[in-house]
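Asker: Based on what follows, work out the 3D shape:
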Amino acid sequence: MRQRLDVQVAVGLIWTCTAFANEISVSPSPDKLLYEPGETATIEVTLKNSSTAPFEGKLRVQVIWEIEDTKLLLEQPVKLGVNETNVITAKWEKVPEVLGCEAKAELVGADGKVMASAGEYFNVCRHLDMLRVGIHSTGIGLMTYSKPEFLDQIRKKMIPAKKRNYINICEYFIGKSHVWSLAPEEDEYPGGAYWESNTAVKTALEEGHRYGIKGVAY
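Answerer: Numbering: from 1, shown residues only. Purely as a prediction, here's the structure:
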């Protein structure tokens, strides 16, 4: 017997997910949490058929803001075999400034019924206005290093974890100066009670920018 799941979580706006348990699922993922006006938003949508029968229908991807304003990004036929997973990309070019957006994806069956639906949250605003939609977090800790294994942790665990938790502003302690040109020449150095690495902080900033995570220094 199919069990229908309806989940609602409030994170700035309502995030919704509707699917039939263990059967058909859809999962949209914007490439950034925070875009600047004029950028292109890329929505990667993962489709999965865990049922015992092939699925044929269509995928609809749209963005929703201000409760009722919507823009259709993609609507196309899809086929999924048993236990098949597929990834489809939708793009929103030259995004306008909109505070609080939902990227919503729906899988619609041949009979017109929505079989799976899910949404994810992002924002579009000017750099100078980022505090209006900021969800803050500490960066990568107060003890940072240039060792390859530490940099690998930044790329694979620390920054992706920020994105999963909707953190779009990270605070970094940059010891003796907030200006790179005035920072000590050596890559690692003691900063008061802390140990600091310029390479580690720069790596975190670069990785964060990939996901639309801004950085502030103190």
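
Asker: from here on, contacts and neighbour counts on C-alpha atoms
Answerer: OK.

Asker: Neighbours of residue 151, how many?
Answerer: Per other CA atoms under 10 Å, the neighbour tally for residue 151 reads 19.

Asker: same check, this time on residue 167
Answerer: 23.

Asker: Now it. Nearest residue, chain neighbours left out?
Answerer: Distances taken as CA to CA, 6 or more residues apart in numbering put residue 135 closest to residue 167, at 5.1 Å, once the chain neighbours are dropped.

Asker: Now do the buried residues in stretch 92-103.
Answerer: Of the residues in stretch 92-103, 92, 95, 96, 98, 100, 101, 102, 103 count as buried by neighbour count, 16 or more other CA atoms under 10 Å.

Asker: what's the following helix or strand after the longest helix along the chain?
Answerer: Longest helix in the chain, counting residues (DSSP state H): helix 198-210. Once helix 198-210 ends, the next helix or strand along the chain (criterion: DSSP states H and E) is strand 214-217.

Asker: how about residue 71, secondary structure?
Answerer: strand (DSSP: H, G, I helix; E, B strand; the rest coil).

Asker: Let me see the contact set for residue 66.
Answerer: 100, 101 (CA atoms under 8 Å, 6 or more residues apart in numbering).

Asker: That one and residue 193: what is the separation?
Answerer: When distance is defined by CA to CA, to the nearest Å, residue 66 is 46 Å away from residue 193.

Asker: repeat for residue 86
Answerer: Distance from residue 86 to residue 193, by CA to CA: 49 Å.

Asker: How are the helices of the chain distributed by residue range?
Answerer: Under DSSP H, the chain gives helices at 148-153, 159-164, 198-210.

Asker: I'd like those helices written out as CSV, with distance to residue 42 and mean pLDDT added.
Answerer: Formatted as CSV, the helices of the chain follow (distance: least, CA to CA, whole Å; pLDDT from 0 to 100):
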stretch, distance to residue 42, mean pLDDT
helix 148-153, 25, 94
helix 159-164, 15, 93
helix 198-210, 12, 91
